[in-house]
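Asks: Structure of the sequence below:
(one chain, ligands or ions: 1)
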Amino acid sequence: MTQTTQLQTKSAATFRALKCKECGEEYELKAMHVCEFCFGPLEVAYDYSALRRTVTRESIQAGPHSIWRYRPFLPVATEQPIDVGTGLTPLVRANRLARRLGLNKLYIKNDAVNMPTLSFKDRVVSVALTRARELGFSTVSCASTGNLANSTAAIAAHAGLDCCVFIPADLEAGKVMGTLIYSPTVMAVQGNYDQVNRLCSEVANTHGWGFVNINLRPYYSEGSKTLGFEVAEQLGWQLPDHIVAPLASGSLFTKIYKGFQEFVEVGLVDDKPVRFSGAQAEGCSPIAQAYREGRDFVTPVKPNTIAKSIAIGNPADGVYAIDIARKTNGNIESVNDAEIIAGIKLLAETEGIFTETAGGTTIAVLQKLVEAGKIDPDETTVVYITGNGLKTQEAVQGYVGEPLTIEPKLDSFERALERSRTLERLEWQQVSV
Ligand SMILES: *Cc1c(COP(=O)(O)O)cnc(C)c1O
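Replies: Numbers count the residues shown, from 1 in each chain. Below you'll find the model as predicted:
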């Protein structure tokens with residue numbers, strides 16, 4: 001038996017097929033994402049009885065300090081996945097933010113400091129590129145709203161894979177630079193993300209490349225389950241009561257759910273109800289609109305918001321996200337751009353975490369849900385912060401004040417300090433009037 005066959009035989013014990021989420025038809029574990037019978041999306045299916053026999057809390061804890069400690073739950077066969085330290089980001093008890101909002105047990109899952117490119121996308125890309133390599137792809141690609149291009153370019157560089165990424169031409173400077181630096185081919189498409197995505201589907205059909213979020217999407221999306229696994233492990237092998245997460249395509253949201261379910265299924269945590277609440281930016285909120293109107297279908301919209309990383313007008317997993325929010329007694333809410341900026345500042349000032357626009361959206365939705373009485377103060381609530389604010393600096397430009405410029409002299413410093421304290425007092429008086 002060659003080494004590859006051994007690995008494949010071994011892998012059959014955990015991930016065993018691609019399965020249509022709609023009709024249940026099963027397929028071989030190759031690069032495909034749509035059911036040939038009903039056009040439903042394909043998802044990776046596992047052998048849970050094998051997982052139950054082989055995986056324990058101890059075996060996970062003895063694994064690497066990265067998402068790969070959960071490798072039996074991820075769709076790769078190799079014992080040597082691409083491990084650039086992705087995952088196991090901090091779960092922070094957010095007491096000051098909690099007090100400000102009137103909550104008692106609030107946690108931030110901080111993927112603003114994920115490795116290597118400071119967003120949750122490093123999780124999905126680590127899995128997708130490991131699988132791409134197993135399937136024999138030498139060129140990898142993606143349709144991106146910014147963070148995915150950063151991750152794909154960086155991790156492809158590390159793995160020595162050729163890389164060509166597609167982004168909308170109007171992205172933030174930090175996202176563009178954060179891709180170009182790894183020297184992939186970058187196509188800046190004059191159009192919105194949904195147009196980029198359509199173009200990429202055509203390229204995927206003609207070029208034989210591994211598109212992490214198109215033909216490799218079933219493998220890629222499984223990486224988001226680690227956001228569920230880690231929170232369960234970090235809470236001491238327990239599920240939270242309520243989670244709040246951003247929605248772009250809706251994939252991340254549905255996979256946190258799948259992650260919790262799998263841990264219950266194999267006996268790693270006790271079953272309990274977890275409420276799932278989703279966050280969108282008003283300027284691109286097709287899922288929130290459908291939810292609000294009680295619809296079972298999502299009507300595509302044209303994005304117009306500063307939250308570009310989650311601006312997907314035609315979300316592939318929107319209906320599944322709605323289903324989860326409904327059946328878990330959660331919510332899906334949207335907030336406007338001003339509220340998003342206020343959310344970014346609130347998290348920074350209370351917890352010392354600088355998030356990007358997607359995180360500002362999530363914090364602002366958290367606040368809105370608390371104010372509407374839709375989060376109980378005593379629920380253990382986990383908020384997923386998925387990206388870093390240094391990449392979307394233009395969003396807060398003009399909203400954070402200026403440094404006090406002084407001469408290199410003590411009296412210049414004292415005068416400036418006095419002036420700033422007077423200003424602070426005046427602001428306080430205005431607030432209390
Ligand atoms: C891509 C992205 C999301 C959401 O992704 P989906 O899985 O498509 O819903 C959330 N936050 C950030 C920062 C992202 O880049």
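Asks: any low-confidence regions in the chain?
Replies: Scanning the chain for pLDDT under 70 picks out 1-13, 431-433.
Asks: what do you get if the cut-off is 80, keeping everything else the same?
Replies: 1-13, 428-433 (pLDDT under 80).
Asks: Nearest to the ligand: which residue in the stretch 1-150 of the chain?
Replies: Asn147 (3.5 Å; CB to the nearest ligand atom). Quick note: C-beta positions are derived from backbone N, CA and C, even for glycine.
Asks: so what's that residue up against?
Replies: 117, 119-121, 175, 309, 386-387, 391 (CB atoms under 8 Å, 6 or more residues apart in numbering).
Asks: do you know how far it is from Arg198?
Replies: Asn147 sits 20 Å away from Arg198, taking CB to CB, to the nearest Å as the criterion.
Asks: ok, now Leu103?
Replies: On the measure of CB to CB, Leu103 and Arg198 end up 41 Å apart.
Asks: Tell me which of those two has more neighbours.
Replies: Leu103 (21 against 13; other CB atoms under 10 Å).
Asks: Correct me if wrong: the more buried one contacts Leu369.
Replies: No. In this structure, Leu103 is not within contact of Leu369 by CB atoms under 8 Å, at 10.3 Å.
Asks: Now Phe166: which helix or strand?
Replies: strand 162-168 (DSSP states H and E).
Asks: Tell me the gap between that strand and the middle of its chain.
Replies: 19 Å (CA atoms, centre = their mean, to the nearest Å).
Asks: Tell me if that strand is near the ligand.
Replies: No. Strand 162-168 lies apart from the ligand when judged by CB under 6 Å from any ligand atom; the minimum separation is 11.9 Å.
Asks: For Val189, which residues count as its bridge partners?
Replies: Pro168 (DSSP bridges).
Asks: Same question for Leu91.
Replies: Lys109.
Asks: Report the contact partners of Pro303.
Replies: So Pro303 contacts 192-194, 283-284, 311-313 (CB under 8 Å, 6+ apart).
Asks: The same query, at a cut-off of 10 Å, please.
Replies: 145, 168, 192-194, 281, 283-286, 310-314 (CB atoms under 10 Å, 6 or more residues apart in numbering).
Asks: and what of Thr117?
Replies: Counted by CB under 10 Å, 6+ apart, Thr117 has contacts 84, 86, 125, 147-155, 175, 178-179, 182, 387-388, 391.
Asks: ok, 6 Å please
Replies: Shown in contact with Thr117 (CB atoms under 6 Å, 6 or more residues apart in numbering): 150-151, 154.
Asks: likewise Leu346?
Replies: Ile363.
Asks: quick one: it is in a helix?
Replies: Yes. Read with DSSP: H, G, I helix; E, B strand; the rest coil, Leu346 is one of the residues of a helix.
Asks: re earlier: what's the strand holding Phe166 packed up against?
Replies: Under the contact definition 3 or more CB pairs under 6 Å, 6 or more residues apart in numbering; DSSP states H and E, strand 162-168 sits against strand 139-143, helix 147-159, strand 185-189, helix 193-207.
Asks: how about the ones you listed, which one is nearest Ala395?
Replies: helix 147-159 (14.0 Å; CB to CB).
Asks: Could you list the buried residues of the closest one?
Replies: 147-157, 159 (16 or more other CB atoms under 10 Å).
Asks: of all those residues, which two lie farthest apart?
Replies: Farthest pair in those, by CB to CB: Asn147 and Ala159, 18.2 Å.
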